[in-house]
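Participant: The following comprises the amino acid sequence and a computationally predicted model.
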Amino acid sequence: MNPHALEDAALLARVAEGDESAVEALYARYGGPCYGLARRILDDAQLAEDVVQQVFLALWQGSGFDPSRGAVSTWLLSVTHHKAVDAVRRESTRRKRLAGEQVLLETAASGPGPDDEAWRLLRAERTRDGLRGLPAEQREVLLLAYYGGYTQREIAEMTGLPLGTVKSRTLVAMRKLRDVLGNDVGENEGRGA
Amino acid sequence: MNEHEHWEELAAGYALSALEPDEAEAFTAHLASCARCQDVLADHELVAAQLGTLVEDVEAPSWSSLRSRVVGEPAPVTSLSEVRARRRAPRLLSAAAGLVLLAGGAVLGWQVTRDSAPSGQEQVLAACTTQSGCHAVDLQGKATVVVSGGSARLLATSLPRATAGHVYVLWQLPRAGRPTMVGTLDRTGDGTVGEAHPLALPYGETAAFGLSLEPASVVPTGPTDVVAVGTA
């Protein structure tokens, strides 16, 4: 169980009432991971800060988050990812052209060390194990999309694979990770598995 | 591949923000009426979020540095290009030297019809709600962009008069690429209805619209003082 789930629910209720200290508390909890993700994708501190600001502005304005669909931590990371990818695509020449999945995997598989934020440790090791357990060709299409910010069409062009193959490999990879993470994914995130 | 497999592939790509705009549009349209895909997408999004927790630790900006932009009034920065435009601002004059924006808007042509009563806006918005393919994008309560048939019309709802020597400029922010100027609006007031102005890109490829205040003496190369934005 995400140890912060109940506190998050209380904080969200206060955010809905316009309590500024509640959004500050959520930022203290999740701002770091969101910023880290945005920074990883954009490779630019100012742009990453702008993305995180937009994410928490959306939270403050109550736009988009539906508590019945999952945990706020998941939503924040999803929105952060989406906005960061949008930003990096607006300026494709700035995008880091990474050598390939080796670099991406290195980053993903090393990850943060143990810290006192339980939610961040939640299933992190299992996720890394899951990534390591994927065949290289599946891991590649997944990581180029998620951390590289590339569309599947771009990935097909980069790798020379048919677009259909990129799509099918991505789906298989996502299903395998889902299986590795198990039923506790849904339960821990506040929705039925 | 059966039909559901097709949608599930799109769900996985959607959760990774890896679809092309047309694919994303098709998927979201389908999603609205498919409970199974909603569940599948929720699962994929949980997996994607897990990937998001694996990045290296970096120190986030302090809350005090973000606070005013989250709970305060200023418009959020919405694109990389805007950030770059801000950084580029001092070079704006030389970059656009020689091209003059007439204060009356004659060059770029937001021909404003100030005699339009507020009811004119209501008529435009009412017509939009019944017209297929018409979109109304709110710019933070200050103005509304009505897009129909590849053209945009600006309705100023609560926009202060532009400061002397400045004009309002409407921008179209594509999903990929830099903001494109749609047109200028030199005079404003509640109830103003601008004439339709053609868009450079289809609405479906638009991430957002933005309104900025720019010096009237030169054609801006990008938005500098952004006063309102709205997501398409």
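Facilitator: Ah, there it is.
Participant: okay, and the helix or strand of chain B with the least pLDDT?
Facilitator: helix B:92-95 (a mean of 32; mean pLDDT, DSSP states H and E).
Participant: correction: chain A
Facilitator: For chain A, judged by mean pLDDT, DSSP H and E, that is helix A:184-188, with a mean of 47.
Participant: so how far is the longest helix seen in chain B off the chain centroid?
Facilitator: Ranked by residue count under DSSP state H, the longest helix found in chain B is helix B:35-52. Distance of helix B:35-52 from the chain centroid (C-alpha atoms, centre = their mean, to the nearest Å) equals 27 Å.
Participant: Show me what that helix is in contact with.
Facilitator: A:33, A:37, A:69-70, A:73-74, A:77-78, A:80-81, A:108, A:123-124, A:127, A:131, A:142, A:146-147, A:174, A:177-178, A:181, A:185-186, A:189, A:191, B:4, B:7-8, B:11-12, B:14-16, B:27, B:30-31 (C-beta atoms under 8 Å, 6 or more residues apart in numbering or on different chains). To be clear about C-beta, it is placed using only N, CA and C from the backbone, and glycine gets the same treatment.
Participant: Mind listing the strands the helix or strand hosting B:Trp171 pairs with, and their directions?
Facilitator: Element membership of B:Trp171, judged by DSSP states H and E, is strand B:166-174. Strand pairing for strand B:166-174, determined by DSSP bridges: strand B:180-185 (antiparallel), strand B:206-215 (antiparallel).
Participant: possible to save those strands as TSV with mean pLDDT?
Facilitator: Shown next, in TSV, are these (pLDDT from 0 to 100):
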stretch	mean pLDDT
strand B:180-185	80
strand B:206-215	80
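Participant: Redo those as a markdown table? Include mean neighbour count and distance to B:Gly72.
Facilitator: Below are the strands paired with strand B:166-174 laid out as a markdown table (neighbours: other C-beta atoms under 10 Å in any protein chain shown; distance: least, C-beta to C-beta, whole Å):
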| stretch | mean neighbour count | distance to B:Gly72 |
| --- | --- | --- |
| strand B:180-185 | 22 | 26 |
| strand B:206-215 | 23 | 19 |
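Participant: a markdown table for those strands, including distance to A:Ala48?
Facilitator: What follows is the strands paired with strand B:166-174, written out as a markdown table (distance: least, C-beta to C-beta, whole Å):
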| stretch | distance to A:Ala48 |
| --- | --- |
| strand B:180-185 | 25 |
| strand B:206-215 | 18 |
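Participant: Ok, which of these comes nearest B:Ser62?
Facilitator: strand B:206-215 (27.2 Å; C-beta to C-beta).
Participant: how close does the residue sitting nearest the centre point of chain A get to chain B?
Facilitator: For chain A, the residue nearest the mean C-alpha position is A:Leu77 (4.5 Å; C-alpha atoms, centre = their mean). Counting by C-beta to the nearest C-beta, to the nearest Å, the gap from A:Leu77 to chain B is 4 Å.
Participant: Have a look at chain A and report its longest helix.
Facilitator: Under DSSP H, chain A gives helix A:20-42 as its longest helix.
Participant: so how far is it off the chain centroid?
Facilitator: Using C-alpha atoms, centre = their mean, the offset of helix A:20-42 from its chain centre is 12 Å.
Participant: Ends of stretch B:215-225, what's the gap?
Facilitator: This stretch, stretch B:215-225, spans 10 Å end to end (C-alpha to C-alpha, to the nearest Å).
Participant: Which helix or strand contains residue 8?
Facilitator: Let's take chain A. Assigned by DSSP H and E, A:Asp8 belongs to helix A:5-16.
Participant: looking at chain B here, not the other one
Facilitator: Counting by DSSP H and E, B:Glu8 is found in helix B:3-15.
Participant: Determine the next helix or strand in the C-terminal direction from that helix.
Facilitator: helix B:21-31.
Participant: would you put the C-alpha positions of that following helix in PDB?
Facilitator: Written as PDB, here are the backbone C-alpha positions of helix B:21-31 (Å, rounded to 0.1, in the frame of the first residue of the first chain):
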ATOM      1  CA  PRO B  21      -1.500  13.100 -33.500                       C
ATOM      2  CA  ASP B  22      -3.900  11.400 -35.900                       C
ATOM      3  CA  GLU B  23      -3.600   8.100 -34.000                       C
ATOM      4  CA  ALA B  24      -4.000   9.800 -30.700                       C
ATOM      5  CA  GLU B  25      -7.100  11.500 -31.900                       C
ATOM      6  CA  ALA B  26      -8.600   8.300 -33.200                       C
ATOM      7  CA  PHE B  27      -7.800   6.500 -30.000                       C
ATOM      8  CA  THR B  28      -9.300   9.100 -27.700                       C
ATOM      9  CA  ALA B  29     -12.400   9.200 -29.800                       C
ATOM     10  CA  HIS B  30     -12.700   5.400 -29.400                       C
ATOM     11  CA  LEU B  31     -11.800   5.500 -25.700                       C
END
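Participant: for that helix, packing partners?
Facilitator: helix B:3-15, helix B:35-52 (3 or more C-beta pairs under 8 Å, 6 or more residues apart in numbering or on different chains; DSSP states H and E).
Participant: Run a quick neighbour tally on residue 56.
Facilitator: Because you didn't say which chain, this covers chain A. 28 (other C-beta atoms under 10 Å in any protein chain shown).
Participant: try chain B instead
Facilitator: 13.
Participant: follow-up on the earlier one: how about the helices and strands packed on helix B:21-31 in CSV, adding mean pLDDT and mean neighbour count?
Facilitator: Output for the helices and strands packed on helix B:21-31, formatted as CSV (pLDDT from 0 to 100; neighbours: other C-beta atoms under 10 Å in any protein chain shown):
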stretch, mean pLDDT, mean neighbour count
helix B:3-15, 93, 21
helix B:35-52, 91, 21
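Participant: among these, which is nearest A:Ser63?
Facilitator: Per C-beta to C-beta, nearest to A:Ser63 of those: helix B:35-52, 17.1 Å.
Participant: No further questions, thank you.
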